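>>> Fold the following for me, if possible:
(2 chains)
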Amino acid sequence: MAVPTPLEKRAQRKARNNTAMDMNLVALIDVFTILIFFLLSSASGVETLVSPKAVHLPLANSNQPPKDTVVLVVAGDEILAAGRRVALVSEAMAGSDDLIPGLKAELDLLAARPVVRAENRNKIESDGHAVTIMADKDIPYQLLRKVMATCAKAGFSDVSFAVRQRLDA
Amino acid sequence: MRPRRLRKEVPHLEITAFINLIVVLVPFLLSTAVFTRLAVMDLQLPAQQSAVEQIKVDNLQLEVVIRKDALEVGDRIGGLIQRIERSGTEHDVKALQQLMVMVKGKFPDKREATLLAEPDTSYDQLVQVMDAVRGTVTAQGPKLVRAELFPNISVGDAPLLKDVKDVKDVKGGNDGKAGKTLKAAAATPAKGNS
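The predicted structure follows:
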């Protein structure tokens, strides 16, 4: 029996110590793969409306997809127009007038933005600007009425309400 | 010399890169996933200067008045069609929907309806009633069948009630207004002094 050369010794040692940890990842990969396909299929297109956590939208059966419009959020004590706080609910409720001045000013600014596409311009001329109201389900009609009246005054007469879609029906 | 034997290595899948990708993708998709689908409801705002409407015979102008204790379905010209009393904490939207289906059967071409709400009607109630008036959704087996009723809805103020009982209610709830009158009364003599 020949004495192994150092090189052979090294090869043997290596083979003997080859105890690389063999993790069983098959189940993990299965789960992740299924999750990925589920999430990819449920993430359908671009969400145009992001629902803020603070706003509890009412449930409804409507299945009209949201449009890309100016979004008014009425939640808690704030009225947000396109992400900026423009008025306080308490102030709006206290005013005897139907007009909410801060909101009107902001909407006028938004309405003055130049419209690039001709088809959009035609639509605005026929229906007025579009606005989506995301309001908490507990706000009184009185407040909603003021917000809508202000929208109408500012030329935003194409109003839609954002709702959570009821899936059980 | 011992015959040289090739030591067979156990084959391994090199999946590290794949797992890395998945580990990054899963939290990302989970964070962007939306579990509540949003939708919108269109609303018709009355035009700023509305033309004088011609009152036609046999032309239904459907109105649903949301009161505190009932839903009143009526025609602007013909008067009240039915009053749906409130049962429990919520308005009887189901009964309203059945009535709407009946009305739609009589006037199949009509698409307009008006909702009239009181100042303290909650937005949720308004939307529920609006939802019932807009259309029906019925489950037929696995799929949902949608039928249109009166999708063009406009919203307005409910006419004030004249019943004695309700007037008492209104008085009780209107503390703010009473305060305002008092304040105005207090301001007047001050003006007189100066």
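>>> in chain A, which strand has the most residues?
As assigned by DSSP state E, the longest strand anywhere in chain A is strand A:158-165.
>>> got a list of contacts for stretch B:148-158?
With contacts defined as CB atoms under 8 Å, 6 or more residues apart in numbering or on different chains, stretch B:148-158 is touched by A:145, A:148, B:41-46, B:62, B:65-67, B:97, B:100-101, B:104, B:110-119, B:121, B:126, B:130, B:133-136. Placement of C-beta: from N, CA and C, glycine included.
>>> Let's see which of these end up in helices.
Those of these mapping onto helices are A:145, A:148, B:97, B:100-101, B:104, B:126, B:130, B:133-134, per DSSP state H.
>>> just those residues now: which is nearest A:I36?
B:R134 (37.3 Å; CB to CB).
>>> how many neighbours does the closest residue to the closest one other than its chain neighbours have?
Closest residue to B:R134 apart from its sequence neighbours, by CB to CB, 6 or more residues apart in numbering or on different chains: B:P151 at 5.0 Å. The burial count assigned to B:P151 is 17, neighbours taken as other CB atoms under 10 Å in any protein chain shown.
>>> Likewise for B:V40?
Under the neighbour criterion other CB under 10 Å, B:V40 is assigned a count of 25.
>>> ok, now the one 3 residues further on?
Applying other CB under 10 Å, we find 18 residues neighbouring B:L43.
>>> just A:K53 next, same as before
6.
>>> Same question for B:I84.
By other CB under 10 Å, 19 other residues sit near B:I84.
>>> Contact partners for it?
Contacts here follow CB under 8 Å, 6+ apart; on that basis B:I84 touches B:70-73, B:91-92, B:95-96, B:99.
>>> After the lowest-mean-pLDDT helix or strand in chain A, which helix or strand is next?
The helix or strand of chain A with the lowest confidence, counting by mean pLDDT, DSSP states H and E, is helix A:118-127 at a mean of 70. Next helix or strand after helix A:118-127 toward the C-terminus (DSSP states H and E): strand A:130-135.
>>> Report pLDDT for residue 46.
I went with chain A, as the question did not name one. On the pLDDT scale, A:V46 is placed at 55.
>>> nope, chain B please
You'll see B:P46 listed with a pLDDT of 61.
>>> same check, this time on B:Q82
79.
>>> Surely it forms part of a strand?
Yes. Checked against DSSP: H, G, I helix; E, B strand; the rest coil, B:Q82 lies within a strand.
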